[in-house]
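Asker: Okay, structure incoming, though there's no sequence with it:
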């Protein structure tokens, strides 16, 4: 069993930055793909970014390319999402996810999920 706990969310003005963290515990996730997803009120959950277990591959949604950066520190069992140039449309609950066999944007493929952290971007 894997437990994922997100942190770092908050309220920020448009153009600002936040860094989200996702700490994992339980069974190691050092060999797992780690992903970030988000869900805005009234909308479906959408893919944000993912990173392979050795950080060799990353993938981003078009809406965040060039603004967000995903990274991981396997020694700390933590994955990060650096979010720059934030826009009001980035407002959502951000979720961390992990899967040992899949790399990509399909949320249904991820086995483990955190509880989420709220990010609110004011205009």
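Answerer: That came through, no problem. As the structure is a prediction and not an experimental result, all values here were calculated from the model.

Asker: end-to-end on stretch 5-24?
Answerer: One end of stretch 5-24 sits 6 Å from the other (Cα to Cα, to the nearest Å).

Asker: contacting residues around it?
Answerer: 2-4, 25, 34, 36, 76-88, 94-96, 98, 114-123 (Cβ atoms under 8 Å, 6 or more residues apart in numbering). For glycine as for every other residue, the C-beta is placed from the backbone atoms N, C-alpha and C.

Asker: chain center to that stretch: distance?
Answerer: 10 Å (Cα atoms, centre = their mean, to the nearest Å).

Asker: what's the answer for stretch 63-81, then?
Answerer: That offset, for stretch 63-81, works out to 7 Å (Cα atoms, centre = their mean).

Asker: Give me the contacts around that stretch.
Answerer: Contacts for stretch 63-81 (Cβ under 8 Å, 6+ apart): 19-25, 28-30, 34, 36, 48-51, 53, 55, 58, 60, 82-86, 89-90, 94, 96.

Asker: Fine, thanks again, bye for now.
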